[in-house]
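K.L.:
pasting the sequence and the predicted coordinates here, then a few questions.
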Amino acid sequence: MSAEFLFPPPPCPSVAVAQDVRRFPVRRIFCIALNYAAHAREMGKEPAKGGEPPVFFAKPADAVVESGASIPYPTLTSDLHHEIELVAALSRGGAEIPVEKALDCVFGYAAGIDLTRRDLQTAARNAGRPWDMSKGFDHSAPIGAIRPVAEIGHPARGRIALSVNGALRQEGDLGDLIWSVAEIIAALSRNVALAPGDLIFTGTPSGVGPLLAGDRAEGVVEHVGSVAVSIGK
Ligand code: MN
């Protein structure tokens, strides 16, 4: 017997797939913190690898925004920041995934922007409080079309950059990831079981900064694609 619901279940959030009419259904959105040394330093942190496991946080699945959309300037902040990131889109999952098998889970990659209410994050961090609301707010995950691994492989190097109103703000290289995509998947799968539909934002290079009402941010990840978002007034 199929389930009956009190009201219609919410629509499944999804992301475009390049040159495919089918869309990628989103289950969960995970993000890794401080995965480029230069960004860790600009946030006042020492880049860590070795003893310390990576730090993860999450956004709700319905935070995804189609590339090219205009979103409202978020509430409760006066310091909305852009973070351009390589996003891995999983079509397989599991728990305790070994690093050597981790890339088998990846369907494809996209360019995404981890929008952040930086003032809320800093205040929460300083107070030792959770910073969910600084990261997981409405419209906080603009993402471009996913390019399948079958087409582009697993990009280990390549320019990642973001400009605002045509002026370059962020620039780095995928080769500078502290934890690789495979290492991220392996570590994340020790925290929770991963599943098809999961998106993983893999961290941002240095140069994060504010977006103002009326701004247009455009990000690019070489060999992968682009993402754009406009901030409404
Ligand atoms: Mn980020």
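P.N.:
On my side now, so go ahead. Model, not experiment: these values are computed from the prediction.

K.L.:
for Glu151, the count of nearby residues, please.
P.N.:
Residues within reach of Glu151, counting by other Cβ atoms under 10 Å, total 11. Every residue, glycine included, has its C-beta placed from N, CA and C.

K.L.:
where does the prediction get shaky in the protein?
P.N.:
Residue ranges of the chain with pLDDT under 70: 1, 49-51.

K.L.:
ok, and the closest non-adjacent residue to the residue in it that the ion sits nearest to?
P.N.:
Going by Cβ to the ion, the ion is nearest to Asp114 of the chain, at 3.5 Å. Leaving aside its sequence neighbours, Asp114 sits nearest to Glu83 (Cβ to Cβ, 6 or more residues apart in numbering; 4.0 Å).

K.L.:
my guess is that neighbour contacts Leu115. True?
P.N.:
Yes. Assessed by Cβ atoms under 8 Å, Glu83 is found in contact with Leu115 at 7.4 Å.

K.L.:
more neighbours: which of these two?
P.N.:
The neighbour count for Glu83 versus Leu115, taken as other Cβ under 10 Å, is higher for Leu115 (28 against 23).

K.L.:
any chance you could list what contacts the one helix or strand Ala217 maps to?
P.N.:
Using DSSP states H and E, Ala217 sits in strand 216-221. Contacts of strand 216-221 with the rest of the structure, by Cβ atoms under 8 Å, 6 or more residues apart in numbering, involve 82, 84, 86, 109-113, 144, 155, 158-165, 170, 174, 211, 226-231.

K.L.:
so of those residues, which ones are in strands?
P.N.:
In this view, the contacts of strand 216-221 that belong to strands under DSSP state E are 82, 84, 86, 109-113, 159-164, 170, 226-231.

K.L.:
give me the buried subset of those residues.
P.N.:
Among the ones in strands among the contacts of strand 216-221, the ones that count as buried by 16 or more other Cβ atoms under 10 Å are 82, 84, 86, 109-113, 160-164, 170, 226-231.

K.L.:
middle-most residue in this structure, spatially?
P.N.:
Centroid check for the chain by Cα atoms, centre = their mean gives Phe201 as the closest residue, at 2.8 Å.

K.L.:
the residue nearest to it when sequence neighbours are not counted: which element?
P.N.:
Excluding its sequence neighbours, the residue lying closest to Phe201 (Cβ to Cβ, 6+ apart) is Cys31, at 4.1 Å. Per DSSP H and E: Cys31 is located in strand 29-32.

K.L.:
so which bits of the protein are right by the ion?
P.N.:
Residues of the chain lying near the ion by Cβ under 5 Å from the ion: 83, 114, 204.

K.L.:
do I have it right that the second one meets Ile32?
P.N.:
Right, Asp114. No. Under the criterion of Cβ under 8 Å, Asp114 is not in contact with Ile32, lying 9.8 Å apart.
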